[in-house]
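S.K.: attaching a predicted model along with its sequence, questions to come.
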Amino acid sequence: MQTLITPADLEEVFAAERALLFKNSRTCPISAMARQEMADLLDRHPDLPIYVVDVHSSAPLAREIERRTGIEHHSPQVIVLADGEPRWHASHYSITADDVERAMRAA
């Protein structure tokens, strides 16, 4: 998983053929559960392009993701992008490794 910090980092994600954005909070227990699901997914697919945005330290990036995708901000939240366009998203307890894996395959 790669942490996004700068607007240039985010530009690279939106320019990628396929990417998974994972917005989370280091202080939220629901985010901790979602982080574990992402870790499980990464164990299955080590080359999967997962990009992490900490919603507290990188709030401007989280807002920019909402603006560019049109998807209301939540934390934790997963957004699957294909060619810079959102193809699937989930938040809170709906984030599971299995569902994200299916969405990435379909993207």
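M.R.: Received it, and whenever you're ready, just let me know what you need. Residues are numbered from 1 along each chain as shown.
S.K.: mind listing what's buried in stretch 58-75?
M.R.: Of all the residues in stretch 58-75, those buried under the rule 16 or more other C-beta atoms under 10 Å are 58, 61, 62, 64, 65, 66, 69, 74, 75. Every residue, glycine included, has its C-beta placed from N, CA and C.
S.K.: quick one: contacts of it?
M.R.: Contacts with stretch 58-75, where a contact means C-beta atoms under 8 Å, 6 or more residues apart in numbering, come from 4-5, 7, 9-10, 14, 21, 23-25, 28, 31, 53, 55, 77, 79, 81, 86, 89, 91-92.
S.K.: now the buried members of those residues.
M.R.: With neighbours counted by 16+ other C-beta under 10 Å, those contain buried members at 4, 10, 14, 21, 23-25, 28, 31, 53, 55, 77, 79, 81, 86, 89, 91.
S.K.: that older thread, will you turn the buried residues of stretch 58-75 into JSON lines that also has pLDDT and distance to residue 98?
M.R.: Conversion of these to JSON lines gives the following (pLDDT from 0 to 100; distance: C-beta to C-beta, whole Å):
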{"residue": "58", "pLDDT": "91", "distance to residue 98": "27"}
{"residue": "61", "pLDDT": "93", "distance to residue 98": "27"}
{"residue": "62", "pLDDT": "93", "distance to residue 98": "25"}
{"residue": "64", "pLDDT": "94", "distance to residue 98": "29"}
{"residue": "65", "pLDDT": "96", "distance to residue 98": "23"}
{"residue": "66", "pLDDT": "95", "distance to residue 98": "26"}
{"residue": "69", "pLDDT": "96", "distance to residue 98": "23"}
{"residue": "74", "pLDDT": "94", "distance to residue 98": "20"}
{"residue": "75", "pLDDT": "92", "distance to residue 98": "21"}
